[in-house]
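[1] Sharing a sequence plus its predicted fold:
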Amino acid sequence: MKKLEKEYTVIKTKEQSDIAVLRCLRQENRLLKQRVELLEKESSGLAERLVRGQVDLAEGEEETFALAREVQALRRANVDAQQRLAVAQDEIRSLEMTIAENNSRQSSLEGMEGTGSQKGEELARCLQRELVRARLHAAEREAAERELTARIAELENENKSLRRQRVDNNVAHLQDELIAVKLREAEANLSLKDLRQRVTEISEAWQRHLQEHRQEAPATPVQSNVVSDIMATPKKLLRAWEGRSGDVQKLEEELMTTRIREVEALTELKELRLKVMELETQVQVSTNQLRRQDEEARQLRENLDAALQRERVLQTRQREFQHKYADLESKAKYDSMQANIRNMEDAQRIAELETEVSEYKLKNEVMATEGELRNNMDGDSDGIQELQEQVAVLKAEVMRLEAWKSRALGHPELSCAVSFEDDLEEDEKLKLILRRESSTSFDLSAMSRKPT
């Protein structure tokens, strides 16, 4: 009995483990179904967005095609208008020629009958009216031609702008996402099919196992009431296993465990494959994004190089302007220095001329005072002394001017540095010398006057 109870507990535990495995498989199946539904929804949304983008692109292409057809039609209309305009111009020229001929005929037939002149005038008026109408038609055609050319130019610009428009990055991103979702969906479907197949195989094996137990159960003999009681209990399923050997039971148990492990390993393998596919799709999407980013970076580098080139050109132009400004500034400084030098030379020349004039004036005054002194030698001694003092002062002034002139001519760079105090000291010295000379001259004049 204990042995049967142990076998029953073992079988129950196996059944419970198998039931748990089946529950896990069912739960995984349900999760996979939910994931497949989510992927289908996502793929449908992406497909709608992709279709919308493709529809927009198709509409843009249709618009460009319509614009191209309109441009071609306008070109054909322009060509027809030009041809009609050429025909009208030919008609105008022919009408002008006929009018000229009619005028010449009218001038030649002025002396003819009145009826003939009236007919000629009517014909001329008719021709003039036709000429006016032809010119109006020509002007209208020229205006229409100008409008058509302007419209053609506008349509060509629009066509160029539409051609230059690039494909939006969102469409490319949606395409990448759609490809990734399709791959994930296909892999999930494959894994789901494999799991379903494995689950069906396990369920069939389990059903066969149960059927075998049910068929072998009534083959056991009934020996006593105790045995009948035992068969009446739930342990009647264990009676079927009594006739089997332990080796077969162990092999079946090992087979079930290996199958369950195989299913677990396969599920893990499928999950890993799904992860690998997801990673591959992510890598593909990231590579596409990197390629687009590389293109954008290349364009930015080109823009940066162009900006740097413009900056270098501007810097060279700035340096050239700075050199020109420095040259002009140095030239202006040189011109200002030359002007200052010329002004100084002019001022020096003026000062020299003024000193010469003052010298001549002083010499003239000295000569005049000396003449007066000679004329008034017999006069009063006080007047003579005053005149001699004036002569001394004038001579001192002359000597001072000559000394200043000699300094200015000998050392022109030092003439500006002579101070006012030095001039005063020199003046005082010259005055003392002249006073002494005047006193000696006065004494000499007095001595010469005594013998007389």
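    That came through fine. Residues are numbered from 1 along each chain as shown.

[2] ranges for the helices of the stretch 51-200 of the chain?
    Secondary structure of the stretch 51-200 of the chain (DSSP state H, counting those that start in this stretch): helices at 114-164, 169-216.

[3] Least reliable of those by average pLDDT, please.
    Mean pLDDT is lowest for helix 169-216 out of those, coming in at a mean of 67.

[4] what about I202, how many residues close to it?
    Residues near I202, counting by other CB atoms under 10 Å, number 19. Any C-beta I mention is one placed from the backbone N, CA and C, and that applies to glycine too.

[5] A100 too?
    Neighbours around A100, by other CB under 10 Å: 10.

[6] burial measure for the spatially closest residue to A77 that is not a sequence neighbour, as a count.
    Among residues not flanking A77 along the chain, L148 sits closest, at 6.0 Å (CB to CB, 6 or more residues apart in numbering). For L148, the count of nearby residues is 19 (other CB under 10 Å).

[7] doesn't D80 make contact with L148?
    No: using CB atoms under 8 Å, L148 is not in contact with D80; the gap is 10.0 Å.

[8] all strands of the stretch 201-350 of the chain, in order?
    Secondary structure of the stretch 201-350 of the chain (DSSP state E, counting those that start in this stretch): no strands located.

[9] which stretches of it form helices?
    225-232, 246-375.

[10] could I get those helices as CSV with distance to S94 and mean pLDDT?
    Shown next, in CSV, are these (distance: least, CB to CB, whole Å; pLDDT from 0 to 100):
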stretch, distance to S94, mean pLDDT
helix 225-232, 131, 43
helix 246-375, 60, 79
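
[11] Ok, which of those comes nearest R23?
    Closest approach to R23 among those is made by helix 246-375 (12.6 Å; CB to CB).

[12] distance of V79 from R69?
    V79 sits 16 Å away from R69, going by CB to CB, to the nearest Å.

[13] I should have written L183 there, sorry.
    Counting by CB to CB, the gap from L183 to R69 is 41 Å.

[14] Between these two, which is the more surrounded one?
    Using other CB under 10 Å, the more surrounded residue of L183 and R69 is L183, with 15 against 10.

[15] Can you report how many residues lie near V357?
    V357 has 10 neighbours, counted by other CB under 10 Å.

[16] With K395 instead?
    Using other CB under 10 Å, K395 has 20 other residues around it.

[17] average pLDDT for whatever helix or strand it lives in?
    Assigned by DSSP states H and E, K395 belongs to helix 381-410. Average pLDDT, helix 381-410: 68.

[18] Same question for stretch 60-74.
    76.

[19] and L85, what does it touch?
    Shown here is L85, whose contacts under the criterion CB atoms under 8 Å, 6 or more residues apart in numbering are A138, R141, E142, E145.

[20] Which residue, other than its chain neighbours, is closest to W404?
    According to CB to CB, 6+ apart, the nearest residue to W404 is T355 (6.8 Å).

[21] pretty sure the one you found contacts R400?
    No: contact criterion CB under 8 Å: T355 and R400 do not qualify, at 10.0 Å.

[22] E320 - how many residues pack around it?
    By other CB under 10 Å, the residues close to E320 number 10.

[23] try L46
    Here the count is done by other CB under 10 Å, and L46 has 20 residues near it.

[24] in which helix or strand would I find it?
    Using DSSP H and E, L46 falls in helix 2-108.

[25] Compute the inter-axis angle for that helix and helix 114-164.
    160 degrees (axes from the mean of the first three to the mean of the last three CA atoms, to 10 degrees).

[26] Would you map out the domains in this protein?
    According to automatic domain parsing, the chain comprises the domains 16-211, 349-449.

[27] end-to-end on the first one?
    It refers to domain 16-211. 18 Å (CA to CA, to the nearest Å).

[28] before we move on, back to that, from the contacts of L85, pick the one nearest V10.
    Proximity of the contacts of L85 to V10 (CB to CB) peaks at E145, which lies at 103.6 Å.

[29] Sounds good, over and out.
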